[in-house]
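# Output the structure for:
(chains A and B)
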Amino acid sequence: MDDIAGIIEGRIPERVTLRVRSLTPYTSEFTSEQIDLLADIAEKYGAGYVHVTPRQTVEIPHVERSYINEIVKRLHEMGLSPGSTDRYLRNVIACSRWCLFNAYPMTGIAEVLNREFADRKFPGKVDISLSGCDFSCVRSRTSDIGVIARADVEITDRKCKKCSLCIKEPLGCQVDAIEITDYGVEIDRQRCIRCGFCTNVCRPGSLVVRSRGFDIYLGGRGGLKPREATYAGSVNGEDQLIDAIKRILDIYMENAMEGERLSDLIERQGDAILEVCK
Amino acid sequence: MTQEQDRGFSLEMPSVGIIKGVLAKDIEVVGDKVVNLRTCARPYRNIYSAAQLRTIKKISEEYGSGKVHLSPRHNLEIPEIKQKELDRALHELYIAGLFPGGAGTSVRNIFTCPDWCDRAIRPVQELGLMVSHNFGDRDMPNKVTISFAGCMNGCSRPENTDIGVVAIVEVGVDNRKCSDNCNLCIEACPFDAIKKNGTGVMITETCQYCGRCINVCRDDVLKATRTGFKVLIGGKEGSTVRYGSEYKRWVEDFEVLEIIDLVLRRYTELARLRPRSSRKKERLSEVIERMGFKSFIGE
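Prediction:
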């Protein structure tokens, strides 16, 4: 029983905290039935409440140890699973599908990664965060592997009708990179964060998305020794991104010493590991 | 907020947590306008009771699409609620002690780690409760994030938030008791702050007060002599990463409240529009970068 991931020792003997992640049908979202089951378990076996963690898992505190097998069985029936602790791959988090500023819905990729690697053990903790735009609510820039979706915006020949939807509240450019001049619309490429949102509101079609891609950042971490992730490269397309992440995880598996995180490996071996994304 | 207090108590719900949304991109768009409801739990912002979870289940089934998204700041988001049914959904939320919030230019959901974690040097949930009573959802020039962490592992990322409060512990050495040369504490120290000192050990200046060594010491040589909080202000995360500067060390619970009040008031006074922008105001980190840390805190 000790090899089940997701069990955290607490302050009370024989009572443990159970960290629960969703594996199906969604991993960054819970369905209403899953929420109901969590409520039932918290009430029946735990203290009657749950804690929502920063990595899109739910913790059920003060669960009696002897009931764990029973609970795990019920969780598996609903597509939930205890996990995301210790050196197992931590829950891959993605921002919400319905956010307006998404350049790309990242939840699908998170689901693929979560299902594939949920039970894989690594030399150290691995955080993967997938963000749909540069604002990165899921903290891509301080995760071991951070992904930010990009949409390159192009100005077409279609004439701007100066409706100024792309610069006004609430749907206009969030970083004030767009300017409307006498000749049409202009984008300040220094300021543009390439979220591609302006193309959604542009009715004449002056602004369109030319290409979508993903930037990969490696080696960030929080905690005792915070470190900002380094930009490692860009890929186009979902499959290439999943391939790149698999390659990074393989290299990390092979080279890292016990207890080392990706940031430690990069610091020890230099930037050579960053080349895998290119 | 102050205007509302003048008018007396009102049952009106805050509207900041109602996020204008589009339907998920892989779902066929229907004609109705939809919103996403970001909910905050009360009293503790990180804890949802079983009854509250059932309410969320009921709302997402009746008015939404049967899904609930977990946000990285303890919010549960109920997506795709039809605009015309929003009032009924809000009413049910309110009965269960849940509120919309944690969005827009306000003090976002207070971020705390749970009380039952056995790594915590000091429990921070109660402190988070006091802060959310006093400052939660207050209207600000731009978004303000406040995080509490019970140990320096910082699961709630206090170094990357506008105001981060971290529990720290001072380690005292009793060399008379150190009998075996186990060196466990030297290995455990992440900052190489413990050095050999004759038969015992000594703690050098690089100590960051994380308390890792206390947990591994078998002989009671290393003991906590005092605990407190350190307050970091001006961190941010997102498009750019900035780490908070240390405002004060060894503060007590009520002092934390005073500091947060002071920082929020200074920030409200000093925040200007962003350069070249006509509608967005600076965040705390930008104010500190423009003015310098010393002049921001009024030294």
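# residue ranges for the strands of chain A, please.
Counting by DSSP state E, one finds strands in chain A at the ranges A:7-9, A:15-22, A:29-31, A:49-52, A:58-64, A:80-82, A:93-94, A:128-131, A:145-155, A:178-181, A:184-187, A:207-218, A:230-235.
# which of these sits most buried?
Comparing those by mean neighbour count (mean count of other C-beta atoms under 10 Å in any protein chain shown), strand A:93-94 ranks first with a mean of 30. No exception for glycine: its C-beta is placed from N, CA and C like everyone else's.
# any residue of stretch B:143-161 up close to chain A?
Yes. Judged by C-beta under 8 Å from any C-beta of the partner chain, stretch B:143-161 comes into contact with chain A through B:152, B:153, B:154, B:155, B:156, B:157, B:159, B:160.
# For the fifth one, I want the exact helix or strand it lies within.
I take that to be residue B:156. No secondary structure element spans residue B:156, as it lies outside all helices and strands (assigned by DSSP states H and E).
# Would you check that it makes contact with residue A:55?
No. Using C-beta atoms under 8 Å, residue B:156 makes no contact with residue A:55, being 11.1 Å away.
# Look at these two and report which has more neighbours.
residue B:156 (29 against 21; other C-beta atoms under 10 Å in any protein chain shown).
# Contacts only, for the nearest residue to residue B:293 once chain neighbours are set aside.
Setting aside the residues directly before and after it, residue B:293 is nearest to residue B:245 in space (C-beta to C-beta, 6 or more residues apart in numbering or on different chains), at 5.0 Å. Contacts for residue B:245 (C-beta atoms under 8 Å, 6 or more residues apart in numbering or on different chains) come out as B:232, B:233, B:234, B:288, B:293.
# Distance of residue B:170 relative to chain A?
For residue B:170, the distance to chain A equals 17 Å [C-beta to the nearest C-beta, to the nearest Å].
# Confirm that residue sits in a helix?
No. When DSSP: H, G, I helix; E, B strand; the rest coil is applied, residue B:170 is found to be strand, with no helix at that position.
# Could you give the number of residues near residue B:87?
With other C-beta under 10 Å as criterion, residue B:87 counts 9.
# can I assume it sits in a helix?
Yes. Counting by three-state DSSP, residue B:87 is located in a helix.
# Give me the pLDDT value at it.
As summarised for this prediction, residue B:87 has a pLDDT of 84.
# same check, this time on residue B:20
We have a pLDDT of 61 for residue B:20.
# before we move on, what about residue B:231?
95.
# now do the one 5 residues further on
Here, the pLDDT recorded for residue B:236 equals 90.
# doesn't residue B:162 make contact with it?
Yes. Between residue B:236 and residue B:162 a contact is recorded at 6.8 Å, counting by C-beta under 8 Å.
# list the residues that contact both of these two?
Overlap between the contact sets of residue B:236 and residue B:162, as judged by C-beta under 8 Å, 6+ apart, is given by B:283, B:284, B:285.
# Check the residues you listed one by one and keep those near chain A.
Intersecting the shared contacts of residue B:236 and residue B:162 with the contacts of chain A gives an empty set (criterion: C-beta under 8 Å from any C-beta).
# Which one of the residues you listed sits in the busiest neighbourhood?
With neighbours defined as other C-beta under 10 Å, the most crowded of the shared contacts of residue B:236 and residue B:162 is residue B:284; it has 29 neighbours.
# Kindly provide the distance from it to residue B:234.
From residue B:284 over to residue B:234 the distance is 6 Å, taken as C-beta to C-beta, to the nearest Å.
# before we move on, what about residue A:7?
If you measure residue A:7 against residue B:234 using C-beta to C-beta, the figure is 37 Å.
# For the stretch 51-200 of chain B, which residue gets nearest to chain A?
residue B:53 (3.8 Å; C-beta to the nearest C-beta).
# Alpha carbons only: can I get the longest helix anywhere in chain A in PDB?
Ranked by number of residues, the top helix in chain A under DSSP state H is helix A:238-255. Once side chains and other backbone atoms are set aside, the C-alpha atoms of helix A:238-255 remain, and they are given as PDB (Å, rounded to 0.1, in the frame of the first residue of the first chain):
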ATOM      1  CA  GLU A 238       0.800  19.500 -31.000                       C
ATOM      2  CA  ASP A 239       2.600  16.300 -31.900                       C
ATOM      3  CA  GLN A 240       6.000  18.000 -32.200                       C
ATOM      4  CA  LEU A 241       5.400  19.600 -28.800                       C
ATOM      5  CA  ILE A 242       4.600  16.200 -27.200                       C
ATOM      6  CA  ASP A 243       7.600  14.700 -28.900                       C
ATOM      7  CA  ALA A 244       9.900  17.500 -27.600                       C
ATOM      8  CA  ILE A 245       8.600  17.100 -24.000                       C
ATOM      9  CA  LYS A 246       9.200  13.300 -24.200                       C
ATOM     10  CA  ARG A 247      12.700  13.900 -25.400                       C
ATOM     11  CA  ILE A 248      13.400  16.300 -22.600                       C
ATOM     12  CA  LEU A 249      12.000  13.800 -20.000                       C
ATOM     13  CA  ASP A 250      14.100  11.000 -21.500                       C
ATOM     14  CA  ILE A 251      17.300  13.100 -21.300                       C
ATOM     15  CA  TYR A 252      16.400  14.100 -17.700                       C
ATOM     16  CA  MET A 253      15.800  10.500 -16.800                       C
ATOM     17  CA  GLU A 254      19.200   9.400 -18.200                       C
ATOM     18  CA  ASN A 255      21.400  12.100 -16.900                       C
END
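# for residue B:162, what are its contacts?
Contacts were defined as C-beta under 8 Å, 6+ apart; by that measure residue B:162 touches B:144, B:145, B:146, B:233, B:234, B:235, B:236, B:244, B:283, B:284, B:285.
# By neighbours, which of these wins?
If you count neighbours using other C-beta under 10 Å, the busiest of the contacts of residue B:162 is residue B:284, which has 29 neighbours.
# neighbours around the closest residue to chain B within chain A, how many?
The minimum distance from chain A to chain B, using C-beta to the nearest C-beta, falls at residue A:39 (3.8 Å). Neighbouring residues of residue A:39 were enumerated by other C-beta under 10 Å; the total is 24.
# next one: the lowest-mean-pLDDT helix or strand in chain A to chain centre, how far?
Evaluated with mean pLDDT, DSSP states H and E, the helix-and-strand set of chain A has its lowest mean pLDDT in helix A:198-201, which scores a mean of 82. Helix A:198-201 sits 24 Å away from the centroid of its parent chain (C-alpha atoms, centre = their mean, to the nearest Å).
# Quick one: name the residues of the stretch 101-250 of chain B near chain A.
Proximity of the stretch 101-250 of chain B to chain A is confined to B:111, B:114, B:116-118, B:152-157, B:159-160, B:190-191, B:208, B:210, B:237-239, B:241, B:243 under the rule C-beta under 8 Å from any C-beta.
# pLDDT-wise, which helix or strand of chain B ranks last?
helix B:2-6 (a mean of 46).
# I figured residue B:151 was touching residue B:119, is that so?
Yes. In terms of C-beta under 8 Å, residue B:151 counts as a neighbour of residue B:119; the distance is 4.9 Å.
# Now do the shared contacts for those two.
Going by C-beta under 8 Å, 6+ apart, no residue sits against residue B:151 while also sitting against residue B:119.
# higher neighbour count, the two?
Higher neighbour count among residue B:151 and residue B:119: residue B:151, with 23 against 15, using other C-beta under 10 Å.
# ok, the more buried one - contacts?
Residue B:151 is in contact with B:113, B:117, B:119, B:120, B:121, B:166, B:167, B:210, B:211, counting by C-beta under 8 Å, 6+ apart.
# and with 7 Å instead?
When contacts are counted by C-beta atoms under 7 Å, 6 or more residues apart in numbering or on different chains, residue B:151 is found next to B:119, B:120, B:121, B:167.
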